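> Predicted model and sequence follow; I will ask about them next.
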Amino acid sequence: MALAMTAPALHAAEERLIILNEGLWQQDNGRVSYFEDGTVISNSWFRDINGYKLGDTPNDIIAVNDNLIAIAVNWSNIVQFITPEGKAVAATEDIPNNRKLATDGRYVYISSYGHECFVDGDYEYFDNGGYVAKIDTSDFRVTDAVEVGYEPEGIAYYKGYLFVANTGGYAFQEAHEYETTVSVIDAETMAVVRNVDTGQINLYGKMSQSGQYLCINSPGDYYDVQAATIIFDCDAAIAGAPDEECFVSLEYAATYNCTDKSGHFYAIGSRYSYYTGDYTFNYVIIDPEAVMASGGGDGVTEDFPGTVLDDIKKFSMPYGLFVNPYTGYIYATDAGDYTAAGALYQWTPDGNLIGKYKLYINPAHFLALRPESLSGIGNISDDMTDGNADENMTIYNLQGIPVTSPLPGHIYIRNGKKFIYNNY
């Protein structure tokens with residue numbers, strides 16, 4: 001299929017994606033693509049709107065609330081804040097070598113490989129070369145930071161706690177071993193309350209979240225320690241369960257992973273061996289509840305919808321995977337040879353390939369904007385906008401997954417109606 005810029009149109013402004021293209025490391029050519037309803041509107045969206053470059057190697061993006069988005073730009077050492085329309089509103093430069101992002105709707109939390117952080121007007125130094133910083137989005141200042149393990153990566157917010165996957169990824173060049181722990185942090189006090197030892201080294205990359213469960217990738221050591229996926233139960237960790245009861249280790253990699261509308265994890269595993277110089281791949285769908293209940297004996301399949309799996313297996317180099325939480329449309333990116341423009345593939349929720357689009361170099365990270373059809377007040381329940389009505393009623397996100405820690409400013413479903421959660 002030839003590269004194209006358009007595909008059959010969907011409903012107006014239903015599919016609205018921001019995609020981070022990492023570019024080439026140390027080349028200061030990270031870019032942002034904006035995709036809407038079968039069209040790549042721009043492959044330099046941030047620069048088009050703001051008149052300057054985003055920076056070097058953007059590697060994560062999240063919605064803080066309905067009016068603010070955060071982007072981690074790793075090699076430029078900035079956290080860039082933009083509106084959903086792409087307008088830059090602030091940039092925090094106090095967190096060098098930043099990695100991954102999480103939020104509670106007011107504060108942004110970010111992992112860093114760095115040894116220092118500028119906190120409340122002064123520098124703090126960390127021996128491990130690994131910490132989590134807390135940014136107050138009322139003034140975009142770093143208000144606190146806490147040391148975790150060496151080279152922390154994935155981070156998630158759940159029920160007032162942060163869960164941070166430590167890698168020790170510089171073990172090959174620094175005088176320390178690989179890490180095997182997930183640090184649990186009280187988000188209010190920024191104190192580490194426990195470290196759960198998974199027994200699996202190098203917990204690397206972005207992790208996906210489905211309610212209380214996390215999907216964490218481990219690529220191993222690229223020699224003798226094989227790759228694995230950790231399914232982690234945040235509730236068990238909060239409750240003080242023994243380490244071994246907080247997770248299950250699966251014999252698959254989850255290099256690129258996401259959550260689908262049913263709360264399952266989609267994962268493409270890329271395993272590299274320095275012995276052979278080759279990549280091998282696995283492609284799995286993980287039901288985290290079934291995995292935890294069975295100790296890993298059940299809950300893993302390759303039952304991707306439609307032609308998704310067959311299409312991805314034809315990629316030169318898979319580099320990203322995403323399911324739009326609002327619509328269920330499925331996306332994946334192919335980086336090709338890593339030095340030229342990559343491609344975005346789009347499938348319907350039932351797995352029919354409907355488009356392939358040209359992006360920029362190394363397209364990897366996704367954020368879906370709320371469809372415009374959900375933006376009108378007519379779609380929001382008037383009597384529940386304060387987020388306080390009938391607190392015993394289950395709240396669901398727009399994927400239909402129960403939510404125990406709703407984020408202020410986000411839209412949820414309760415009693416069959418959409419509402420804006422504004423209980424700060």
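Happy to help now that I have it.

> if I look at residue 169, how far off is residue 20?
20 Å (Cβ to Cβ, to the nearest Å). The way it works is simple: take the backbone N, C-alpha and C, and place the C-beta from them, glycine included.

> okay, these two: which has more neighbours?
When residue 169 and residue 20 are compared for neighbours, residue 20 comes out ahead with 28 against 22, by other Cβ atoms under 10 Å.

> contacting residues for the more buried one?
Residues in contact with residue 20 (Cβ atoms under 8 Å, 6 or more residues apart in numbering) are 30-33, 58-61, 71, 363-366.

> partners of the one helix or strand it maps to, with directions?
Assigned by DSSP states H and E, residue 20 belongs to strand 16-21. Strand pairing for strand 16-21, using DSSP bridges, gives strand 31-36 (antiparallel), strand 363-368 (antiparallel).

> Tell me where the stretch 1-150 of the chain has strands.
16-21, 31-36, 39-42, 58-65, 68-73, 78-82, 88-92, 98-103, 107-112, 116-119, 122-125, 131-136, 141-147 (DSSP state E, counting those that start in this stretch).

> contact partners of the longest one?
Strand 58-65 is contacted by residues 18, 20-22, 30, 32, 69-74, 80-81, 84, 99-103, 105, 108, 137, 206, 364-367, 369, 407-410 when judged by Cβ under 8 Å, 6+ apart.

> What of the fifth one?
Outside strand 68-73, the residues that touch it by Cβ under 8 Å, 6+ apart are 18, 20, 30, 32, 54-64, 79-84, 89, 98-101, 103, 108, 110, 135, 137, 367.

> tell me how far that strand is from the chain's mean position?
Mean-position distance between strand 68-73 and its chain equals 12 Å (Cα atoms, centre = their mean, to the nearest Å).

> Please apply the same query to the second one.
Centroid separation between strand 31-36 and its chain, computed with Cα atoms, centre = their mean, is 17 Å.

> Helix or strand with the lowest mean pLDDT in the chain?
Lowest by mean pLDDT, DSSP states H and E among the helices and strands of the chain is strand 417-420, with a mean of 70.

> Give the other helices and strands that that strand contacts.
Here strand 417-420 touches strand 411-414, going by 3 or more Cβ pairs under 8 Å, 6 or more residues apart in numbering; DSSP states H and E.

> now the strand it packs on: how far from the chain's centre is it?
Worked out by Cα atoms, centre = their mean, strand 411-414 lies 21 Å from the chain centre.

> Wait, residue 81 touches residue 137, no?
Yes. Here residue 81 reaches residue 137: they are 7.3 Å apart, a contact under Cβ atoms under 8 Å.

> Please identify which of the strands paired with strand 16-21 is closest to residue 262.
strand 363-368 (16.6 Å; Cβ to Cβ).

> what does that closest one contact?
15-22, 33, 58-63, 69, 206, 258, 319-320, 322, 324-327, 331, 333, 335, 342-344.

> let's see 7 Å
Residues from elsewhere that reach strand 363-368, judged by Cβ atoms under 7 Å, 6 or more residues apart in numbering: 16-22, 33, 59-63, 69, 319-320, 322, 324-326, 331, 333, 342, 344.

> so how far is that strand from its chain's centroid?
So, by Cα atoms, centre = their mean, the centroid of strand 363-368 is 9 Å from its chain's centroid.

> same question, stretch 22-42
17 Å.

> mind exporting that stretch as PDB, just the C-alpha atoms?
Presented in PDB, the C-alpha positions along stretch 22-42 are these (Å, rounded to 0.1, in the frame of the first residue of the first chain):
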ATOM      1  CA  GLU A  22      11.400  11.300  18.400                       C
ATOM      2  CA  GLY A  23      13.600  12.200  15.500                       C
ATOM      3  CA  LEU A  24      17.300  11.300  15.800                       C
ATOM      4  CA  TRP A  25      19.000  11.500  19.100                       C
ATOM      5  CA  GLN A  26      21.200  14.600  19.500                       C
ATOM      6  CA  GLN A  27      20.000  16.000  16.200                       C
ATOM      7  CA  ASP A  28      17.400  18.300  17.800                       C
ATOM      8  CA  ASN A  29      14.700  17.300  15.300                       C
ATOM      9  CA  GLY A  30      11.900  15.900  17.400                       C
ATOM     10  CA  ARG A  31       8.500  16.800  15.900                       C
ATOM     11  CA  VAL A  32       4.800  16.700  16.600                       C
ATOM     12  CA  SER A  33       2.300  15.300  14.100                       C
ATOM     13  CA  TYR A  34      -1.400  16.100  14.300                       C
ATOM     14  CA  PHE A  35      -3.800  13.600  12.800                       C
ATOM     15  CA  GLU A  36      -7.500  14.200  12.400                       C
ATOM     16  CA  ASP A  37     -10.200  12.000  10.700                       C
ATOM     17  CA  GLY A  38      -8.000  10.300   8.100                       C
ATOM     18  CA  THR A  39      -5.700  13.200   7.500                       C
ATOM     19  CA  VAL A  40      -2.200  14.100   8.700                       C
ATOM     20  CA  ILE A  41      -2.800  17.800   9.200                       C
ATOM     21  CA  SER A  42       0.900  18.500   9.900                       C
END
